[in-house]
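*Asks:* I would like to see how this sequence folds:
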Amino acid sequence: MIPDRSPLDWDAIDLVVFDVDGTLYQQARLRLVMLRHLIADAFSARSLETIKILRVFRQVRESLGDLQGADFMTQQYQQTATRCHKSVDEVRDLTSDWLEQRPLPFLAACRYPHVQAVFSSLREHGKQIAVFSDYPAADKLSALGLQASPIVCATDAQVGRLKPDPAGLRQVLTLCGVPPSRALMVGDRFDRDAAAAARVGMRALIRSSRQHADFDTFQSYSDRVFAPLLRSAPMATVT
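*Replies:* So this is what the prediction gives:
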């Protein structure tokens, strides 16, 4: 079910749920930074193995998101290990290192402008802020200098489903005690974030340079849609 497309009324929103990767920071910029480190690592090791494993892992994860009900927590490592002729433990350790830990020092520099101002103003207006991400997000939020609660991820034991499965989103709504009609999902993918929101009857706002027939979009956190929030935000927080 796709929610109505009437003008977004922030007074009608009690909870804003953010995706993280590509929504709160410039994912392309971070990947470019990490690519430089991967190339340096490959040069040092005289091997492209790490780059190959990470590429396959991302491909596997993307495909598992299209298979509703798939046991992705096991399959993401098993399928990658099989395709790359590695053990499951080797794949788990390598992906955790390169996808979760090593990027952390660079996240703050990749944060989108005005994100912190939007977060601050949402709180000033009495809105709850939560996160629903396919990847572990607590350390990323900390590195970005942002706070949200609850932080729900597809990797949580009580979720275990990738977007567009809405299991994690339902968990957020339950924890916050907010009905879908009073919540907003902010993400960067129509086929994942917006689709998950639509499945629970929740409105979505997607960061995209192109318009969409069914979902609201924005290009930056200083766009008109955020004006009612930013208008009253202290100037010092507009960063």
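*Asks:* other SSEs contacting the worst-scoring helix or strand of the chain on mean pLDDT?
*Replies:* Least confident element among the helices and strands of the chain, by mean pLDDT, DSSP states H and E: helix 227-230 (a mean of 88). Helix 227-230 sits against helix 115-124, with contacts defined as 3 or more C-beta pairs under 8 Å, 6 or more residues apart in numbering; DSSP states H and E. All C-beta atoms are positioned from the backbone trio N, CA, C, and that covers glycine.
*Asks:* next, the angle from the following helix or strand past the helix it packs on to helix 115-124.
*Replies:* Using DSSP states H and E, the next helix or strand after helix 115-124 towards the C-terminus is strand 128-133. For strand 128-133 against helix 115-124, the angle between stretch directions is 130 degrees (axes from the mean of the first three to the mean of the last three C-alpha atoms, to 10 degrees).
*Asks:* who does strand 128-133 pair with, and is each partner parallel or antiparallel?
*Replies:* Strand pairing for strand 128-133, using DSSP bridges, gives strand 15-18 (parallel), strand 151-153 (parallel).
*Asks:* just checking the distance from the helix or strand harbouring Ser63 to the centre of its chain.
*Replies:* Using DSSP H and E, Ser63 falls within helix 49-65. Between the centre of helix 49-65 and the centre of its chain there are 17 Å (C-alpha atoms, centre = their mean, to the nearest Å).
*Asks:* mind giving me the packing neighbours of it?
*Replies:* Right, helix 49-65 is packed against helix 27-45, helix 72-84, helix 88-95 by 3+ C-beta pairs under 8 Å, 6+ apart.
*Asks:* could you redo the ones you listed as JSON lines and give each row mean pLDDT and distance to Val115?
*Replies:* Converted to JSON lines, the helices and strands packed on helix 49-65 look like this (pLDDT from 0 to 100; distance: least, C-beta to C-beta, whole Å):
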{"stretch": "helix 27-45", "mean pLDDT": "95", "distance to Val115": "13"}
{"stretch": "helix 72-84", "mean pLDDT": "93", "distance to Val115": "28"}
{"stretch": "helix 88-95", "mean pLDDT": "96", "distance to Val115": "26"}
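*Asks:* so where is this protein shaky, pLDDT-wise?
*Replies:* 1-5, 68-70, 232-239 (pLDDT under 70).
*Asks:* so what sits opposite Leu205 in the bridge?
*Replies:* Val186, Asp216.
*Asks:* wait, it touches Val225, no?
*Replies:* Yes: with contact defined as C-beta atoms under 8 Å, Leu205 and Val225 form a contacting pair (6.9 Å).
*Asks:* and these two? Which one has more around it.
*Replies:* The neighbour comparison of Leu205 against Val225 (other C-beta atoms under 10 Å) goes to Leu205, with 24 against 16.
*Asks:* picking that back up, can you give me the buried ones in the helix holding Ser63?
*Replies:* Thr50, Ile53, Leu54, Val56, Phe57, Val60, Arg61, Leu64, Gly65 (16 or more other C-beta atoms under 10 Å).
*Asks:* which other residues reach it?
*Replies:* With contacts defined as C-beta atoms under 8 Å, 6 or more residues apart in numbering, helix 49-65 is touched by 38, 41-42, 70, 72, 75-76, 79-80, 83-84, 86, 91, 94-95, 98-99, 134, 162-164, 192.
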